[in-house]
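Asker: Build the 3D model from these lines:
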Amino acid sequence: TATMGLFLSLLVILGCRNYFGPKDFDDYGWRVPFLISIFLLAISVWIRTKLNESPTFQRMKAEGKQSKAPLTEAFGEWKNLKLVLIALLGAVAGQAVVWYTGQFYALFFLTSTLKIDGETANYLIAGSLLIGTPFFIVFGALSDKIGRKWIILGGMLLAAVTYFPIFQGLTHFGNPDLAAAQAKNKVVVLADPAACSFQFNPTGTMKFTNACDLARSDLARSSVNYTNQVAPAGSELIVRFNDVEVKGYDKAKLAEAIKNAGYPAKADPSKINHFGVLVLLVILVLYVTMVYGPIAAMLVELFPTRIRYTSMSLPYHIGNGWFGGFLPSISFALVAMQGDIYYGLWYPIIIAVGCFVIGAFLLPETKDTIP
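Answerer: All right, here's what the predicted structure looks like:
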């Protein structure tokens, strides 16, 4: 349902954009989807009024056996805290980065990196979600037959191994002019390393005003691949495009150099291979369904009934909220630091591989268990 929520939101946005037109949508029409969400709130409240506790919990409550101090029992006793940490670092954190990469970061990559217009990118993402979403049920049902653990870990491993070629393929199919510009240009940023920051800005409130930071940010936002070269302390920033140099930070001159080097401001719609992009996006969604389809059942089965909700809340919300939520800002900071539009993928890859290793050795198989 989380993915279906994203799918429906894309449909609402596309519908409003087509109804109001691009200009009016940017002016005031973007507020309409937020107003429509009032109906979703009403549905959510209705669903919550219809939910019942599980029979196991109801029986335990009737017998007076529920935990009197769930926080202390869940996190103050090592045998339970150990399960919480294993769930977080051996399953949920990896699930979160694969989920965010396959949907949100993929959309960001299409629009911000490949410069595909928002409407086309939304249609492509919506199409991949429509095709891929039924596989949540497929992998959830499969986990009832063969187990949860290795489906989840397998999705993480496949994602980690294939992310680089998949996103390179998105560039090839989505914006071949960008791929060509990257291949023919050698861009070098010569700067004093002390004058360059790691541009991690999760709240959007930090300001990076050094010449090096401004130049690298502009280059990253223009999808320019570049290498960093150490310059003597206190020396002036130089950005070199093959034999052309831009000294200091001059936004207009840097933009002109980027344009003259052949980097497209927008993807050419006539050159987009929509089918190729869609296939790769569907593969990304399939990884999401592998890690996400069985995760709820695994978390429910992993913890004892008396402290289940408290125990599973921490790894699920920290895993998705922190490990997944920080993905866009960390990935952009990595791209700007390294000068490689694919370098941000190292964040989800490292988290996924780490979770795979921890999960392989420490995460128990929960199928057919009743804690």
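Asker: Got the domain ranges for the chain?
Answerer: With domains defined by the TED database, the chain comprises 1-51, 76-185+262-370, 186-261.
Asker: just so I know, which of those lies nearest Lys61?
Answerer: Among the domains of the chain, domain 76-185+262-370 comes nearest to Lys61, with 9.7 Å by C-beta to C-beta. In short, each C-beta sits where N, CA and C put it, glycine included.
Asker: Please list the outside residues in contact with stretch 353-370.
Answerer: Contacts to stretch 353-370, defined as C-beta atoms under 8 Å, 6 or more residues apart in numbering, come from residues 56, 86-87, 89-91, 93-95, 143-144, 146-149, 152-153, 156-157, 160, 297-298, 301-302.
Asker: what do you get if the cut-off is 7 Å, keeping everything else the same?
Answerer: 86, 89-91, 93-94, 143, 147-149, 153, 156-157, 160, 298, 301-302 (C-beta atoms under 7 Å, 6 or more residues apart in numbering).
Asker: Now which of those residues would you call buried?
Answerer: Listed as buried from those are 86, 89-91, 93-94, 143, 147-149, 153, 156-157, 160, 298, 301-302; burial here means 16 or more other C-beta atoms under 10 Å.
Asker: For Leu40, give me its contacts.
Answerer: Contacts for Leu40 (C-beta under 7 Å, 6+ apart) come out as none.
Asker: Apologies, that question was intended for Asn320.
Answerer: Val92, Ala96.
Asker: how near is it to Pro294?
Answerer: Here Asn320 is placed at a distance of 15 Å from Pro294 (C-beta to C-beta, to the nearest Å).
Asker: Ok, Leu363 next?
Answerer: Leu363 is 12 Å from Pro294, by C-beta to C-beta.
Asker: for this protein, which spans come out with low pLDDT?
Answerer: Low-confidence segments of the chain (pLDDT under 70): 370-371.
Asker: So which residue is smack in the middle of it?
Answerer: Tyr100 (2.6 Å; C-alpha atoms, centre = their mean).
Asker: That residue sits in which helix or strand?
Answerer: helix 93-100 (DSSP states H and E).
Asker: neighbour-wise, which of Leu363 and Pro294 wins?
Answerer: Pro294 (29 against 23; other C-beta atoms under 10 Å).
Asker: wait, doesn't that one sit right on Phe139?
Answerer: Yes: contact status for Pro294 versus Phe139: in contact at 6.2 Å, counting by C-beta atoms under 7 Å.
Asker: who touches both of the two?
Answerer: In contact with both Pro294 and Phe139: Ile151, using C-beta under 7 Å, 6+ apart.
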